[in-house]
Structures are given as structure tokens and as C-alpha cells.
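what's the 3D shape of this:
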Amino acid sequence: MRWDALFRDMEAQLAAAAGLAAETEISDRVRMELRGISLQDRLRSQGGKQLVFDLGTAGMLRGALKHVGDGWVALEQEHGAALAVLSHVVAIRGMDRFASPPPGKVRLGVTSALRGIARDRSAVVVRSAGVPAEAALNGTIDRVGSDFLELAAVPSDQPRRSANVTGVYVLPIATVAAVLSQRNGWE
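The predicted structure is shown next:
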């Protein structure tokens with residue numbers, strides 16, 4: 001009879017060890033799967049959600065997530081649209097824990113998105129990384145190269161006319177943290 005108790009105890013220990021091994025294996029598999037999930041995978045599953053993007057010194061962006069490109073996102077804000085460059089995002093609030101698998105199609109890069117905004121000729125506000133949001137540049141994106149954009153600076157209360165241009169800025173795209181539009185339409 002004493003052996004019955006001994007064997008039951010040994011079986012219980014074995015079952016506990018097997019359970020622990022299974023939990024460890026599950027944890028390891030979850031970590032391995034998470035390793036393959038990118039921020040863009042996470043963002044793709046957040047479509048339509050109200051998110052807050054912290055751009056550090058360049059300020060905060062709040063809005064409904066409308067599009068996820070290759071290295072950027074488009075948000076619908078209360079008074080327009082915004083493009084945030086993911087390499088300058090410090091933190092994001094409002095996301096759930098889900099992720100979407102990578103799409104089978106090619107995603108537009110930041111320069112492609114900026115060229116679309118330039119074609120639209122809409123008035124924009126460009127926030128640069130490391131520059132306070134209050135020092136953002138107002139104007140129209142005139143041209144977009146492979147790694148730069150040209151912004152014709154225009155006071156925010158004036159239309160884009162040659163006489164209203166106060167200067168032309170060439171900005172390395174690597175420094176652009178966000179581009180905000182004062183109206184919807186370029187998503």
C-alpha cells in the first residue's frame with residue numbers, strides 16, 4: 001500500500017513536470033512567433049481605431065488609422081489628414097494586442113505617399129524630427145526626390161501663389177516626422 005502512495009506521488013510529480021514543460025514550450029513558441037511580428041503588422045490590424053502617435057519633440061498626432069504604408073501611416077484627424085513617419089514615432093497609444101499578417105501586395109513607401117500629396121497640391125504642415133511642433137513649416141510640397149522634398153513655404157492663412165511664397169525649403173525625407181493636411185482627401 002505504501003508503494004501505491006509512492007507511485008501516485010511519482011506520477012503527480014511527472015504530470016507536474018510535463019505540465020511545466022508544456023507551459024515552457026508554449027511560452028517559447030509565443031516568443032518565437034512574436035519575434036516575426038513587425039510594428040506594421042500590428043498597425044494593419046488597428047484600422048479605424050483612434051490612436052495617439054507621440055513624435056517626441058515634433059508633437060502628438062491623434063486620429064483614426066486609415067492606411068498603413070511601408071514605414072508610414074495615414075490618420076484621419078478632426079480637421080484634416082496626417083501622415084506619420086514610423087521611424088520618428090516614439091510611442092503609440094490606443095492599440096490592442098492583435099496583428100495582421102503581411103499583405104501579398106507591395107506597400108507604398110514614404111516617398112510615394114509624399115508624391116501623392118505633392119500631386120494633390122494641398123496645403124500642408126511639415127513637422128521635422130527633433131524640432132518643436134510650433135516650428136513646423138506651412139506650405140505646399142512642390143517636388144519629391146528619392147530622399148528629399150521641396151516645400152514652398154506659404155503663410156497658413158494664404159493660398160499657394162508665387163507672391164505668397166516666403167521661401168523654398170529642401171528637407172531630407174529622413175528628417176520628416178509628419179505631414180498634416182488641413183483638409184481630407186489624400187489617403
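
name the nearest residue to His67, sequence neighbours excluded.
Ala74 (4.0 Å; C-beta to C-beta, 6 or more residues apart in numbering). The way it works is simple: take the backbone N, C-alpha and C, and place the C-beta from them, glycine included.

I'd guessed that neighbour sits against Val85; true?
No. Contact criterion C-beta atoms under 8 Å: Ala74 and Val85 do not qualify, at 11.2 Å.

quick one: which of the two has more around it?
Val85 (25 against 21; other C-beta atoms under 10 Å).

care to break this protein down by domain?
Domain segmentation of the chain under automatic domain parsing yields 1-35, 39-181.

most packed of the ones you listed?
domain 39-181 (a mean of 17; mean count of other C-beta atoms under 10 Å).

what residues are bridge-paired with Leu180?
Ala82, Val125 (DSSP bridges).

residue contacts, Ala129?
Contacts for Ala129 (C-beta atoms under 8 Å, 6 or more residues apart in numbering) come out as Leu55, Gly56, Thr57, Ala58, His88, Thr175, Val176, Ala177.

ok so Arg42 is a helix residue?
Yes. Assessed with DSSP: H, G, I helix; E, B strand; the rest coil, Arg42 lies in a helix.

quick one: the strands in the chain?
Ranges of strands in the chain, per DSSP state E, are 50-54, 60-68, 72-77, 80-85, 91-93, 123-128, 137-144, 148-153, 167-172, 176-181.

ok, which of these comes nearest Pro159?
When these are compared by C-beta to C-beta, strand 123-128 sits nearest Pro159, at 7.9 Å.

using CSV, write down the CA coordinates of that closest one.
Taking C-alpha atoms only, strand 123-128 is exported to CSV below (Å, rounded to 0.1, in the frame of the first residue of the first chain):
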residue,chain,number,x,y,z
ALA,A,123,-1.6,73.0,-48.2
VAL,A,124,0.4,71.1,-45.6
VAL,A,125,2.2,71.5,-42.3
VAL,A,126,5.5,69.6,-42.2
ARG,A,127,6.8,68.6,-38.7
SER,A,128,10.5,67.7,-38.6
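
so what does it touch, helix or strand wise?
When contacts are defined as 3 or more C-beta pairs under 8 Å, 6 or more residues apart in numbering; DSSP states H and E, strand 123-128 packs onto strand 137-144, strand 148-153, strand 176-181.
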